[in-house]
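Q: what follows is a predicted protein model with its sequence.
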2 protein chains.
Amino acid sequence: MSDSASLPDTPERILDAAEALFAERGVEATSMRAITQRAGANVAAVNYHFGSKEGLLQAVLRRRLDSLNARRIAQLDAAEAGAGGAARVKPHLVVQAFFAPAIALAADRTGGGQAFMRLLARSSGNPAQFLREFLAAENSAVMERFSAAFARAMPDVPPQEVLWRFHFMLGAFSYAIMGVDNLRLLTGVDVDGEDAWARLPDRLMAFLLGGLRAPLPGLAPPGDSAS
Amino acid sequence: MSDSASLPDTPERILDAAEALFAERGVEATSMRAITQRAGANVAAVNYHFGSKEGLLQAVLRRRLDSLNARRIAQLDAAEAGAGGAARVKPHLVVQAFFAPAIALAADRTGGGQAFMRLLARSSGNPAQFLREFLAAENSAVMERFSAAFARAMPDVPPQEVLWRFHFMLGAFSYAIMGVDNLRLLTGVDVDGEDAWARLPDRLMAFLLGGLRAPLPGLAPPGDSAS
DNA sequence: GTCTATATCATGATAGAC
DNA sequence: GTCTATCATGATATAGAC
């Protein structure tokens, strides 16, 4: 829409810079000076456009989170339509609908998608109240929708158990995103190289499905009575 | 060892206060003034006993992490002795050796174990270099030992794959620890009540084992043909 | 909308008396 | 070892010129 240069306008440049720095150094360790300097803008611009640092963080998150969640819902819609009824969707497809769009976003190394997903993953553990409330509100629709979908897809597993496993899956996913660098540091071993991101989706999906469909605790190991 | 009162001495009181506040508010959001006030000590006491805020955080982590890791190693030793050779330990026991001591610590609501585990889980994602280096050094022995144990326990799965699954398990575990409050907030549903911590070990272990032993990606589901 | 300059405040750390 | 008082720094946020 701009007629002069190929540069994004100031608010967007600030969002890009903040996204990158928040992901790299953490929110609290990133000063507004560092953000505006990287964005080629002035310190006052943040407050003018976003009100405050908190407002900026919310804007950074909202920019991609809304469309991400929309993609998840759309994929779940498609799965339910294809299965002919919400009650007949296989667990595999529910997992896929929720995590595949996020993994795809995290695999985008150059466009900022990866930075965003790392920031989002870390933000989910951030104890700041305003962030917890923001994320809870932002995600409530998707969480309710998928909680119900998982429960329907696994009628033989108690709903509470399904909810917990959904939560465990979220944790494994978060670590996976931060993990490509992390894993080398933790174990000292260099796990794959450039291929890591290419192989991650299959690896992760296999793990998540294995955990989701594990035998219930306190039952005989390989009965598989829960279909 | 003290003859006067039943109160712990100043360094320990500071460690207790820092542990609780770091876990509750996050490290960056916790000021040394808040810590010393809660500990009933003076602001200068932190620098006197621990050198700096970074030094304090490391001391808080080290206080419990060393013994936790020692318990993990001891339990793995016992499992290998009981199985008659390191190569014959079942995956189930390796998972148990690593995670059971940590879950037990996290279930300790009153003694500070839970606060410590939450802090540790969040610290594993903290991008600060000094923290990453500290944790890498502190955990290197356990990580190498268990990485090898997992690889030996699952000879049919490529070692890299096992490492990734170990990493995924760490993620699920971390979320599980922060999760009892988190889950209610994310889903709006109140999942169990006081029983949550009592049921967590079985729930989590079932999930972890399911993920660890999931069929390899890109192969026929239950073939197990990979040697 | 964008900038310079500045206000206001909280932080981590230290000096030095006791 | 413990305290008071203070320093130097860096933070967010704003006022007001352009």
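A: Here it is on my side, so go on. Please read all numbers here as calculations on a predicted model, not as lab measurements.

Q: residues near residue A:43, how many?
A: Neighbour count for residue A:43, taken as other CB atoms under 10 Å in any protein chain shown: 12. The C-beta positions use only the backbone N, C-alpha and C, and glycine is treated the same way.

Q: next: residue A:130.
A: Number of residues near residue A:130 (other CB under 10 Å) recorded here: 12.

Q: OK, contacts around it?
A: Taking CB atoms under 8 Å, 6 or more residues apart in numbering or on different chains as the contact definition, residue A:130 lies against residue A:54.

Q: check which element follows the helix or strand harbouring it along the chain.
A: With elements taken from DSSP states H and E, the one containing residue A:130 is helix A:129-153. Secondary structure here is assigned by DSSP H and E; on that basis, the next helix or strand after helix A:129-153 toward the C-terminus is helix A:159-187.

Q: lowest-confidence helix or strand of chain A?
A: Averaged element by element with mean pLDDT, DSSP states H and E, chain A has its least confident helix or strand at helix A:159-187 (a mean of 84).

Q: the next helix or strand along the chain from that one: how far from the chain's middle?
A: Using DSSP H and E, the helix or strand that follows helix A:159-187 in sequence is helix A:196-212. Here the centre of helix A:196-212 is set off from its chain's centre by 15 Å, with CA atoms, centre = their mean, to the nearest Å.

Q: also stretch A:45-56?
A: In terms of CA atoms, centre = their mean, the centre of stretch A:45-56 is set 24 Å apart from its chain centre.

Q: span of that stretch from start to end?
A: The first and last residues of stretch A:45-56 sit 11 Å apart, counting by CA to CA, to the nearest Å.

Q: that one close to chain B?
A: No. Looking at stretch A:45-56 against chain B by CB under 8 Å from any CB of the partner chain, there are no contacts, and the closest approach is 12.5 Å.

Q: can you give the contact residues for that stretch?
A: Judged by CB under 8 Å, 6+ apart, the contacts made with stretch A:45-56 from elsewhere in the structure are A:10, A:11, A:14, A:15, A:18, A:32, A:35, A:36, A:39, A:59, A:130.

Q: list the buried ones in it?
A: When neighbours are counted by 16 or more other CB atoms under 10 Å in any protein chain shown, the buried residues of stretch A:45-56 are found to be A:45, A:46, A:49, A:50, A:53, A:56.

Q: check stretch A:9-28 too.
A: Within stretch A:9-28, the residues that count as buried by 16+ other CB under 10 Å are A:10-11, A:13-23, A:26-28.

Q: does chain B have contacts with it?
A: Yes. Legend: contact between stretch A:9-28 and chain B by CB under 8 Å from any CB is shown at A:24, A:25, A:26, A:28.

Q: low-confidence regions, chain A specifically.
A: A:1-6, A:180-190, A:193-194, A:219-227 (pLDDT under 70).

Q: what does it have sitting close to DNA strand C?
A: Residues of chain A found near DNA strand C (CB under 7 Å from any atom of the strand) are A:9, A:10, A:11, A:41, A:42, A:43, A:44, A:45, A:48, A:49.

Q: so which of those residues belong to helices?
A: With helices taken from DSSP state H, the overlap with the residues of chain A next to DNA strand C comprises A:10, A:11, A:43, A:44, A:45, A:48, A:49.

Q: and the helix holding residue A:130, what's buried?
A: Of the residues in helix A:129-153, those buried (16+ other CB under 10 Å) are A:131-132, A:134-136, A:138-139, A:142-143, A:145-147, A:149-153.

Q: stretch A:83-103 now?
A: Neighbour counts over stretch A:83-103 (16+ other CB under 10 Å) mark A:89, A:91, A:93-103 as buried.

Q: related to what we said a few turns ago, would you reformat the contacts of stretch A:45-56 as TSV and include distance to residue B:217 and secondary structure?
A: Putting the contacts of stretch A:45-56 into TSV (distance: CB to CB, whole Å; DSSP: H, G, I helix; E, B strand; the rest coil) gives the following:
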residue	distance to residue B:217	secondary structure
A:10	44	helix
A:11	41	helix
A:14	40	helix
A:15	35	helix
A:18	35	helix
A:32	43	helix
A:35	39	helix
A:36	44	helix
A:39	40	helix
A:59	37	helix
A:130	39	helix
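
Q: ok, and of those residues, which contact DNA strand D?
A: With CB under 7 Å from any atom of the strand as the criterion, the members of the contacts of stretch A:45-56 in contact with DNA strand D are residue A:32.
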